[in-house]
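>>> predicted model and sequence follow; I will ask about them next.
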Protein chains: 2
Amino acid sequence: MEKHLETIERTLDEVLPKGRPEGFSEAMRYAVGAGGKRIRPLVCLAAAEAVGGAADDAKYPAVAIELLHNYTLVHDDLPSMDNDTMRRGKPSVWAKFGESAAVLAGDALQALAFGVAAKAPRNQDKIVAALGEAALGVVQGQVEDIAKSGDTTYIYTHKTADLFVAAAVMGGLAGGGTSADIDALRIFALNLGLAFQFEDDLLDGDSPYSKEKTESLVRETTAAAVAALEKLGGKTDFLRNLANRLVGRRS
Amino acid sequence: MEKHLETIERTLDEVLPKGRPEGFSEAMRYAVGAGGKRIRPLVCLAAAEAVGGAADDAKYPAVAIELLHNYTLVHDDLPSMDNDTMRRGKPSVWAKFGESAAVLAGDALQALAFGVAAKAPRNQDKIVAALGEAALGVVQGQVEDIAKSGDTTYIYTHKTADLFVAAAVMGGLAGGGTSADIDALRIFALNLGLAFQFEDDLLDGDSPYSKEKTESLVRETTAAAVAALEKLGGKTDFLRNLANRLVGRRS
């Protein structure tokens, strides 16, 4: 876990721009910040190991999914969207750097995410396709959420779970997994993403379902995620522990 | 030319979402619109032919560069950016669909661009890397333009020429070009992009240089673009005509 986190931070530092335009590179780095839990990139690295590959094979896709996740937060916080001035206890990107800089920093983070994903050691076309599908899906999920369409399954699947699915699928592809491996990882990550969202709802006290129903959904999706790992031949302890730790987490 | 334009419009229609969320799919399609000149995707298709490949090999990268170009226009028009209510004689995306929809439609178009580029028949990793470099560069160029840094070479190279370079390089890669071919296409497209921007400045009567100096720059960059084509073994007439037609165009 420590080693994986170190890989993620080091690779983020490697790929994020340092030079010109300087204030803008600073805004991009600020957006990705320190102190994120890096759950999605951890899933990506562990997925490579779960198919019998090396975590390092997945370091670029892992960082790509974190860049993509952070761009969505930068744009979600904009005045025309959620109008949030704070994020992770600090001023949001637009509150600190201005609104146009935040639009552009988000745009640049998304561009960087794809450029970085293409640096995977194999299956680059499938990896970029998986990232592209998630990047489109997460926006479509956000659109239905803003529109209050009321279709919780659609919104949670796309707004939240799509990034988990891309993380796991990209990690499996980078690690050289078979198509059966990728299918199992997809089922794992879809359920993990839903469990994550239901648990978030419990923490926020803001679920579309009753507390009992939401708790039951957390248990069911966690169990489905863990069950999907049985089909994988590599090291799955990390993913199993991650899924089990999400149940009853504090933040 | 007609055939290439038909390929572009048909492929755009194939890849743009039709379904849910419906109003949002409509906003994405509106953003890409009809009536664009499609210069960048035409360069991409012709670049595949210029290295001896088939234009059809480059149809997905061609459409990817057009999606990327249109997302930048959607975001440039936002109230927090240029605050333009009109684009190509019609309401801009934010003026028609609202500001948050325009942020998200731009985001989705960029995501789609990368997903589509990965569908090229070969060299997908290099194609996505080229698109990623341009997608980051175009934002960095815009940042320096907004900041009025005064470095015209930096701004024009990144804000305008990067997309032409990606179009030509992706087309050459999709068509199976050698690395010498790709180098020649890069020089061609950099100069074409600069010529395009200088000619735009003349049309707008708004150049950082005198009229005479700008006209001279158009001629020099056009000549450099055309000269670079000499090194290519395939059909280069289309690219040569395109470069020569840009000089003295009316819009």
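Right, received. Where do you want to start?
>>> what is the three-state secondary structure of the closest residue to residue A:234 other than its chain neighbours?
Of all residues not flanking residue A:234 in the chain, residue A:52 sits nearest, at 3.9 Å (CB to CB, 6 or more residues apart in numbering or on different chains). (C-beta placed from N, C-alpha, C; glycine too.) Of the three states, residue A:52 takes coil under DSSP: H, G, I helix; E, B strand; the rest coil.
>>> which residues does residue A:52 contact?
A:175-177, A:233-234 (CB atoms under 8 Å, 6 or more residues apart in numbering or on different chains).
>>> pLDDT check: weakest of these?
In terms of pLDDT, the least confident member of the contacts of residue A:52 is residue A:233, at 90.
>>> what secondary structure does that one sit in?
Assigned by three-state DSSP, the conformation of residue A:233 is coil.
>>> got phi/psi on it?
Here is the backbone geometry of residue A:233 (degrees, to the nearest 10): phi -90, psi -10.
>>> for it, the count of nearby residues, please.
Using other CB atoms under 10 Å in any protein chain shown, residue A:233 has 13 neighbouring residues.
>>> can you tell me the closest non-neighbouring residue to it?
Per CB to CB, 6+ apart, closest to residue A:233 is residue A:52, 5.8 Å.
>>> and that neighbour, what are its phi and psi?
In terms of degrees, to the nearest 10, the main-chain angles of residue A:52 are phi 90, psi 10.
>>> distance of it relative to residue A:26?
As for residue A:52, its distance to residue A:26 is 40 Å (criterion: CB to CB, to the nearest Å).
>>> now do residue A:123
Using CB to CB, one gets 34 Å for the distance from residue A:123 to residue A:26.
>>> looking at those two now, which is surrounded by more residues?
Applying other CB under 10 Å to residue A:123 and residue A:26 shows that residue A:123 carries more neighbours, namely 23 against 16.
>>> is the more buried one in contact with residue A:173, as I believe?
Yes: contact criterion CB atoms under 8 Å: residue A:123 and residue A:173 qualify, at 4.1 Å.
>>> what are the buried residues along stretch A:189-204?
Using 16 or more other CB atoms under 10 Å in any protein chain shown as the test for burial, stretch A:189-204 gives A:189-202.
>>> report the rounded mean pLDDT for it.
Here stretch A:189-204 scores 95 as its mean pLDDT.
>>> list the contacts of that stretch.
Residues outside stretch A:189-204 that contact it (CB under 8 Å, 6+ apart): A:39, A:43, A:47, A:156-157, A:159-165, A:167-169, A:207-209, A:211, A:214-215, A:217-218, A:221-222, A:224-225, A:228, A:239, A:242-243, A:246-251.
>>> which of those residues are buried?
Among the contacts of stretch A:189-204, those scoring as buried are A:39, A:43, A:47, A:156-157, A:159-165, A:167-169, A:207, A:214-215, A:217-218, A:221-222, A:224-225, A:228, A:239, A:242-243, A:246-247 (criterion: 16+ other CB under 10 Å).
>>> which ones among these lie within helices?
A:39, A:43, A:47, A:162-165, A:167-169, A:214-215, A:217-218, A:221-222, A:224-225, A:228, A:239, A:242-243, A:246 (DSSP state H).
>>> which SS state does the nearest residue to residue A:42 once chain neighbours are set aside fall under?
Nearest in space to residue A:42, with sequence neighbours left out and distances taken as CB to CB, 6+ apart, is residue A:4 at 5.7 Å. Assigned with three-state DSSP, residue A:4 falls in the helix class.
>>> buried set for stretch A:167-186?
For stretch A:167-186, the neighbour count (16+ other CB under 10 Å) marks A:167-177, A:181-182, A:184-186 as buried.
>>> gap between that stretch and the chain center?
Relative to its chain's centre, stretch A:167-186 lies at 15 Å (CA atoms, centre = their mean, to the nearest Å).
>>> quick one: end-to-end distance for it.
9 Å (CA to CA, to the nearest Å).
>>> can you check stretch A:205-216 too?
15 Å.
>>> pull up the residues of the stretch 101-250 of chain A that are close to chain B.
Applying CB under 8 Å from any CB of the partner chain, we find that the stretch 101-250 of chain A lies next to chain B at A:101, A:103-104, A:106-108, A:110-112, A:114-120, A:124-126, A:128-129, A:131-133, A:135-136, A:139-140, A:142-144, A:146-147, A:149, A:154.
>>> so which of those residues belong to helices?
Those of those lying in helices (DSSP H): A:101, A:103-104, A:106-108, A:110-112, A:114-117, A:124-126, A:128-129, A:131-133, A:135-136, A:139-140, A:142-144, A:146, A:154.
>>> and the closest residue to residue A:224 other than its chain neighbours, what element?
Spatial nearest neighbour of residue A:224, chain neighbours left out: residue A:191 (4.2 Å); criterion: CB to CB, 6+ apart. If you go by DSSP states H and E, residue A:191 is part of helix A:179-204.
>>> wait, what's in contact with the spatially closest residue to residue A:15 that is not a sequence neighbour?
Once flanking residues are discounted, residue A:15 sits nearest to residue A:116: 5.0 Å by CB to CB, 6+ apart. The contact partners of residue A:116, by CB under 8 Å, 6+ apart, come to A:15, A:60-61, A:63-64, A:67, B:132.
>>> tell me the spacing between residue A:116 and residue B:142.
With CB to CB as the criterion, residue A:116 and residue B:142 are 21 Å apart.
>>> per-residue pLDDT, the nearest residue to residue A:151 once chain neighbours are set aside?
Spatially, and ignoring its direct neighbours in sequence, residue A:151 is nearest to residue A:144 (6.4 Å; CB to CB, 6+ apart). What the model reports as pLDDT for residue A:144 is 95.
>>> got the contact list for residue A:144?
A:151, A:154-155, A:158-159, B:20-21.
>>> just the buried residues from these, in PyMOL please.
The buried subset of the contacts of residue A:144, as determined by 16+ other CB under 10 Å, is captured in PyMOL by this line:
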select buried, (chain A and resi 151+154+155+158+159) or (chain B and resi 21)
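>>> if you count neighbours, what's buried in stretch A:121-130?
Buried-residue list, stretch A:121-130, by 16+ other CB under 10 Å: A:121, A:123-130.
>>> next, count neighbours for residue A:238.
Residue A:238: 18 surrounding residues under other CB under 10 Å.
>>> quick check: closest non-adjacent residue to it.
residue A:46 (4.1 Å).
>>> just give me the neighbour total for that neighbour.
Using other CB under 10 Å, the number of residues around residue A:46 comes to 28.
>>> and what of the one 5 residues further on?
Taking other CB under 10 Å as the neighbour definition, residue A:51 ends up with a count of 27.
>>> same check, this time on residue A:206
Neighbour tally, residue A:206, other CB under 10 Å: 9.
>>> and what of residue A:40?
Using other CB under 10 Å: residue A:40 sits among 27 other residues.
>>> list the contacts of it.
Contacts of residue A:40 by CB under 8 Å, 6+ apart are A:62, A:65-66, A:69, A:163-164, A:167.
>>> rewinding a little: how near is the residue nearest to residue A:15 to residue A:34?
From residue A:116 over to residue A:34 the distance is 19 Å, taken as CB to CB.
>>> all good on my end, thank you.
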